[in-house]
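J.: output the structure for:
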Amino acid sequence: MFKRILALALVLSVVLALFPATAPAQEEVNCGTEDEVTITLIAGQVGQELEAVQNVANDFMAACPNITVNVTTRPTSSTDTLAQYQQFFDAQSSEIDVYQLDVIWPGIVAEHMIDLMPYLTEEDLADFVQGNIINNTVDGRLVALPWFAGSGMLYYRTDLLEKYGYDAPPQTWEELGEMARTIQEGERAENPDFWGFVYQGNAYEGLTCDALEWQASVGGGVIITPEGVVDVNNPAFIDILDMMASWIGDIVPEAVTTFQEEDARAVWQAGNAAFMRNWGYAYTLGNAEDSVIAGLFDVAPLPGGEPGMTAATLGGWELGVSRYSANPDAAAAFAVFATSTEQQIKYVLARGEAPTRLSVYDDPQIQEELPFLRADVIAAAVARPSTVAGAGYAQVSELYYTAVHSVLTGDADAATAMEDLELALGDLGFELP
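T.: Residues are numbered from 1 along each chain as shown. Next up, the predicted model:
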């Protein structure tokens, strides 16, 4: 089944390449049922996410007036979200029909989701970024539809780089440190709250994303290789961790060890940082009319150990339909609608996240307003080891971000933390180098 899906996708991608897609015609929405039903979607609330999700729900209800879509919110932390979801699954609860799922969770939640393949057309299947389809296919079942993607990126203040004589954003971590220190020292004369660099440093999944970027960008491994070998205890990764720890309280606020995405953005968007690591959603918010940094920043690839080296963790969220739903056909119809080309264009323009459909990247308005979004960038992003770890990924990630966090807080040195992490991952059954 899986090989047939891949073969079909390959054939259709060739056809689409030979005959460039035009704007899709408006089609009647398949509502999944003619009955009067209510379904509940659980989704995020980072930035303007909740408003964008509600707009999708409103559009679906306008097309399918027999269906009511209730939107409820999940915790901000993806780690806390998974814990909440597990409670629903353990109870086989029908309270939630459509789940917003982290890109790393398909292997963890697969048994609780229905197969969405029967609800897709061949054209739909071919239009999705195929890496996402492969990621979401578990034992031949498509357990979630790709909703929006993302990869880590470096935000930088263009006005401040020019002010302090820099022609381009940093290509290496050492360059970032030097630029951040120079700009911070200059800006502190008038703004004592100014910092050189902010990111997500709390002990949660976001730190796994950030630290994996540090690690991979300096040639320090990828946590666990696709072959199942532990890949953390090496000089390159230890050195970059020591560097990041040395920046705490210097060019990075001490509070960064409590920061999640919105905490970092709050400092950045208040005009109190020269550089920020974050996802695409911060781009549209930073350029909003009420933003003090609107038009004063840009984005670039994250730095690396040497010029030309970079790594960005693959992020994003999917939509899955609970196998415990009382209305699975209506829920699946909503998931298909929400991930359609038309809805993705609206959602991406509202939030700045990367689309998961190739046709959306070709949309003229997307190209004009969000020029940094490129399908090849998403396709090349570094994946967390969720595939090789399977249902054990959450434990792998917790061990990883806890070890990194201990280095950032000064509770452990990098060499000791990585040696202990290597042994702990080995105890989970992964092969030691």
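J.: could you pull out the strands for the stretch 151-300 of the chain?
T.: With DSSP state E, counting those that start in this stretch applied, the stretch 151-300 of the chain shows strands at 153-157, 195-198, 223-224, 230-231, 273-278, 297-300, listed in chain order.
J.: touching the last one from outside, list them.
T.: Under the contact criterion CB atoms under 8 Å, 6 or more residues apart in numbering, strand 297-300 has outside partners 153-158, 169, 283, 286, 372. Placement of C-beta: from N, CA and C, glycine included.
J.: and Thr416, which of the strands of the stretch 151-300 of the chain is closest to it?
T.: Minimum separation from Thr416 across the strands of the stretch 151-300 of the chain (CB to CB) falls at strand 230-231, 15.9 Å.
J.: partners of that closest one, with directions?
T.: According to DSSP bridges, strand 230-231 has the following sheet partners: strand 223-224 (antiparallel).
J.: can you give me how far the partner strand is from the chain middle?
T.: 18 Å (CA atoms, centre = their mean, to the nearest Å).
J.: right, and Val292 touches Gln269 too?
T.: Yes: between Val292 and Gln269 a contact is recorded at 7.3 Å, counting by CB atoms under 8 Å.
J.: which of these two has more residues huddled nearby?
T.: Comparing Val292 with Gln269 by other CB atoms under 10 Å, the one with more neighbours is Gln269, at 22 against 10.
J.: does Ala331 count as helix, strand or coil?
T.: Going by DSSP: H, G, I helix; E, B strand; the rest coil, the secondary structure assigned to Ala331 is helix.
J.: for it, which non-adjacent residue is closest in space?
T.: Leaving out its chain neighbours, the residue that sits closest to Ala331 by CB to CB, 6 or more residues apart in numbering is Asp97, at 4.0 Å.
J.: wait, a strand at Val69?
T.: Yes: counting by three-state DSSP, Val69 falls inside a strand.
J.: which among the contacts of strand 297-300 end up buried?
T.: 153-157, 169, 283, 286 (16 or more other CB atoms under 10 Å).
J.: any chance of those residues in a markdown table, with pLDDT and distance to Ile223 too?
T.: Below are the buried ones among the contacts of strand 297-300 laid out as a markdown table (pLDDT from 0 to 100; distance: CB to CB, whole Å):
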| residue | pLDDT | distance to Ile223 |
| --- | --- | --- |
| Met153 | 94 | 20 |
| Leu154 | 97 | 21 |
| Tyr155 | 97 | 25 |
| Tyr156 | 98 | 27 |
| Arg157 | 98 | 32 |
| Pro169 | 98 | 27 |
| Tyr283 | 94 | 28 |
| Gly286 | 96 | 30 |
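J.: just those now: which is nearest Ala417?
T.: Lowest distance from Ala417 to these (CB to CB) belongs to Leu154, with 25.2 Å.
J.: how much space separates the closest one from Lys163?
T.: 18 Å (CB to CB, to the nearest Å).
J.: please apply the same query to Val229.
T.: Distance from Val229 to Lys163, counting by CB to CB: 47 Å.
J.: so between those two, which is more surrounded?
T.: Between Val229 and Lys163, counted using other CB under 10 Å, the more crowded position is Val229 (16 against 12).
J.: who's that one bridged to?
T.: Counting by DSSP bridges, Val229 forms beta bridges with Glu431.
J.: I'd assumed Glu431 was in contact with it.
T.: Yes: at 4.7 Å, Val229 counts as touching Glu431 under the criterion of CB under 8 Å.
J.: counting neighbours, what do you get for Pro433?
T.: Look at Pro433: counted by other CB under 10 Å, it has 12 neighbours.
J.: got the contact list for it?
T.: Pro433 neighbours (CB under 8 Å, 6+ apart): 229-231, 233, 422.
J.: from the residues you listed, list just the buried residues.
T.: Using 16+ other CB under 10 Å, the buried members of the contacts of Pro433 are 229-231, 233, 422.
J.: adding distance to Leu82, write the buried ones among the contacts of strand 297-300 out as a markdown table.
T.: Converted to a markdown table, the buried ones among the contacts of strand 297-300 look like this (distance: CB to CB, whole Å):
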| residue | distance to Leu82 |
| --- | --- |
| Met153 | 24 |
| Leu154 | 28 |
| Tyr155 | 27 |
| Tyr156 | 32 |
| Arg157 | 35 |
| Pro169 | 34 |
| Tyr283 | 27 |
| Gly286 | 29 |
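J.: for the residues you listed, which one is nearest Gly32?
T.: The shortest gap between Gly32 and any of those belongs to Tyr283, at 34.1 Å (CB to CB).
J.: look up how far Leu370 lies from the nearest residue to the closest one once chain neighbours are set aside.
T.: Leaving aside its sequence neighbours, Tyr283 sits nearest to Gly352 (CB to CB, 6+ apart; 4.1 Å). Taking CB to CB as the criterion, Gly352 is separated from Leu370 by 6 Å.
J.: when the two are compared, which one has more neighbours?
T.: Neighbours per residue (other CB under 10 Å) separate Gly352 from Leu370, with Gly352 holding more: 25 against 22.
J.: run a quick neighbour tally on the closest residue to Ile96 other than its chain neighbours.
T.: Leaving aside its chain neighbours, Ile96 sits nearest to Ile42 (5.0 Å; criterion: CB to CB, 6+ apart). By the criterion of other CB under 10 Å, Ile42 has 22 neighbours.
J.: confidence score at Ile42?
T.: pLDDT, Ile42: 97.
J.: and it, its phi and psi?
T.: Backbone torsions for Ile42, taken as degrees, to the nearest 10, come to phi -110, psi 130.
J.: and the gap between it and Met153?
T.: Distance, Ile42 to Met153, using CB to CB: 27 Å.
J.: okay, and the beta partners of the residue positioned nearest the centre of the chain?
T.: Centroid-nearest residue in the chain, with CA atoms, centre = their mean: Gly315, separated by 2.3 Å. Beta bridges link Gly315 to Gly150, judged by DSSP bridges.
J.: the one 5 residues further on too?
T.: For Gly320, the beta-bridge partners under DSSP bridges are Tyr99.
J.: contacting residues around it?
T.: So Gly320 contacts 98-99, 101, 106, 109, 113-114, 116, 143-145, 335 (CB under 8 Å, 6+ apart).
J.: can you rerun that using 7 Å?
T.: By CB atoms under 7 Å, 6 or more residues apart in numbering, the contact list for Gly320 reads 99, 101, 109, 113, 143-144.
J.: which one of those residues has the most neighbours?
T.: Using other CB under 10 Å as the neighbour criterion, Ala144 leads those with 30 neighbours.
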